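Participant: no sequence on this one, just coordinates:
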């Protein structure tokens with residue numbers, strides 16, 4: 001947690017050690033580095049003093065995160081609760097299976113799975129299709145087994161198995177997934193959605209972040225012919241995805 005706090009606040013180990021030492025800390029800067037690297041254990045009193053020093057420095061930054069002291073962490077948060085409080089920003093603290101569990105929990109918390117179509121989402125799929133001049137646009141949520149289309153324009157089937165969808169790859173991307181010609185992309189050239197209906201050739205998808213920053217789905221545009229994707233296109237898709245995220249997290 002201390003390492004995460006330093007990274008979020010753009011603070012150095014020297015910064016926190018100076019403050020920690022000023023509060024009466026007894027370990028050296030070298031020992032502090034070893035502790036943060038997981039090579040040295042500290043007694044609770046020193047850990048709490050280090051948390052206090054880190055939090056005082058974080059007070060001087062816009063960062064809202066605070067390092068819990070041992071008593072608070074034990075009393076208020078059990079097991080992985082303190083990690084979960086960080087949301088997706090603390091994904092590095094989870095293994096792959098735990099990350100997916102957290103992501104799926106975020107999907108459920110949207111309360112959008114299997115819900116009826118809504119104009120507040122449909123307007124964005126309409127804007128996406130109109131801008132890109134493609135056959136289809138979707139706002140998709142992915143649970144543990146399938147893709148649920150909260151909004152869809154064009155010939156894309158509802159409830160496709162998650163593993164074969166392009167959105168399955170998109171939600172694992174830090175940024176957009178752009179496939180200019182699926183038949184020439186070894187990741188997708190044999191995909192049943194490329195070789196069969198809806199015969200995808202072009203795909204552009206942007207991951208959508210839901211509760212606590214976890215990726216819950218994607219905003220996508222699809223066409224049956226290859227096409228280019230410009231920097232302007234990227235800016236438009238990113239902006240539109242941000243508006244969709246506002247609706248998801250409303």
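Facilitator: Yep, it's here. What you are looking at is a predicted structure, and each value in this text was computed from that prediction instead of being measured.

Participant: low pLDDT regions in the protein?
Facilitator: 70-83, 85-86 (pLDDT under 70).

Participant: domains in it, as residue ranges please.
Facilitator: What the record gives for the chain is the domain set 2-76, 109-248, from automatic domain parsing.

Participant: and residue 144, how close does it get to residue 198?
Facilitator: For residue 144, the distance to residue 198 (CB to CB, to the nearest Å) stands at 24 Å. For the C-beta atoms, the positions are set from N, CA and C on the backbone; glycine is no exception.

Participant: all strands for this structure, in order.
Facilitator: 136-142, 147-153, 177-179, 202-209, 215-223 (DSSP state E).

Participant: contact partners of the second one?
Facilitator: For strand 147-153, the external contacting residues (CB atoms under 8 Å, 6 or more residues apart in numbering) are 112-115, 117-118, 121-122, 124-126, 129, 136-142, 156, 158-162, 165, 167-168, 217.

Participant: just the buried residues out of those residues, in ChimeraX syntax.
Facilitator: Buried members of these, defined by 16 or more other CB atoms under 10 Å, are picked up in ChimeraX with:
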select :112,121,122,124,125,129,136,137,138,139,140,141,142,156,160,162,165,167,168,217
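
Participant: got a list of what residue 176 touches?
Facilitator: Applying CB under 8 Å, 6+ apart, the residues near residue 176 are 170, 204, 205, 206, 207, 234, 237, 238.

Participant: distance to residue 48 for the strands of the chain - can I get that in TSV?
Facilitator: Shown next, in TSV, are the strands of the chain (distance: least, CB to CB, whole Å):
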stretch	distance to residue 48
strand 136-142	41
strand 147-153	45
strand 177-179	44
strand 202-209	33
strand 215-223	34
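
Participant: out of those strands, which gets nearest to residue 54?
Facilitator: strand 202-209 (26.5 Å; CB to CB).

Participant: helices or strands up against the longest helix belonging to the chain?
Facilitator: In the chain, with assignment by DSSP state H, the single longest helix is helix 231-248. In terms of contacts (3 or more CB pairs under 8 Å, 6 or more residues apart in numbering; DSSP states H and E), helix 231-248 is packed against helix 119-132, strand 202-209, strand 215-223.
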